[in-house]
Structure formats: structure tokens, C-alpha cells
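Trainee: next come a sequence and a model predicted from it.
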Amino acid sequence: MDEHTLSAQERIHKRRDFLEVYERGDKIHTPHFVLYILQQDRPNHRLGITVSRKVGKATVRNRAKRRFREIFRIHKATVPASCDVVVNARRSAASASFQELLGGFLAGVEKWKRSRGLP
């Protein structure tokens, strides 16, 4: 498996999977996005990203999604292997730097791990 991409098994594709994470997962607010994390009985973790049209035009939304995928790809070792993670971008994500998004993601995951008593 190429370590520079997210495989199909590492992405959330179906609406029902997104809805399950929204309903049963833990919600963590950050300045530029909302993280939903749900611990599952899966061998790997998965990422889902939603960016509404309120964030900006297609190029802006796609850039935000690329940034979130890259953050998850590089730091997926910080997320427990059996978790589904959904990122809901806020309007401020469009103007945020990569470092701001990265810091928010890592802080959100650490906050979730502390609340669950995970190392």
C-alpha cells in the first residue's frame, strides 16, 4: 500500500456511515472545524470530510478537503486504529493556514483521547 495516499478502506463514502458517526460519535469543536470521532470494531480507521458551499466556491472547498486529507494521512498514527473520524469544516477553514488546521486537529484528537482515558 502506498503510504502517500489514503486507500478506499481509509475513507468514509456512504451517507449512512456519516450519519452513524454524527449520531453515535463524540463531537469536538475547534476554531475552524468540528471533529466527530466514533470508536468502531474495524481493523483500520477511516476519514470523512464535509465542506458545505457556505465555505466557498469549489476550488476553496477542494483545497480545504485536500488539507484535511493530508493532515489525517500524516498524523493517522495519533488516531486509534478502530476510529471513524468526520471533519465538518467551518467558514474560517477557508482562510486558515495549514498549521492552524493541523494544530486544531491534533488538539481535538488529544482532547478526545483524554476524555476516553486513552494513551
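Mentor: That came through, no problem.
Trainee: can you pull up the most central residue in this structure?
Mentor: Val87 (3.8 Å; Cα atoms, centre = their mean).
Trainee: that's a strand at that one, yeah?
Mentor: Yes. Secondary structure of Val87 (DSSP: H, G, I helix; E, B strand; the rest coil): part of a strand.
Trainee: spit out the contact partners of it.
Mentor: Contact analysis of Val87 by Cβ atoms under 8 Å, 6 or more residues apart in numbering lists Phe33, Val34, Leu35, Tyr36, Leu47, Gly48, Ile49, Thr50, Phe68, Phe72, Phe105. Yep, even glycine has a C-beta here, placed from its N, CA and C like the rest.
Trainee: list the residues that contact the fifth one.
Mentor: Neighbour list for Leu47: Leu6, Glu10, Arg11, Ile12, Phe68, Arg69, Phe72, Asp84, Val85, Val86, Val87 [criterion: Cβ under 8 Å, 6+ apart].
Trainee: now distance to Pro43 too, for these, in TSV please.
Mentor: Written out in TSV, the entries for the contacts of Leu47 read as follows (distance: Cβ to Cβ, whole Å):
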residue	distance to Pro43
Leu6	15
Glu10	11
Arg11	15
Ile12	15
Phe68	22
Arg69	20
Phe72	17
Asp84	13
Val85	15
Val86	19
Val87	22
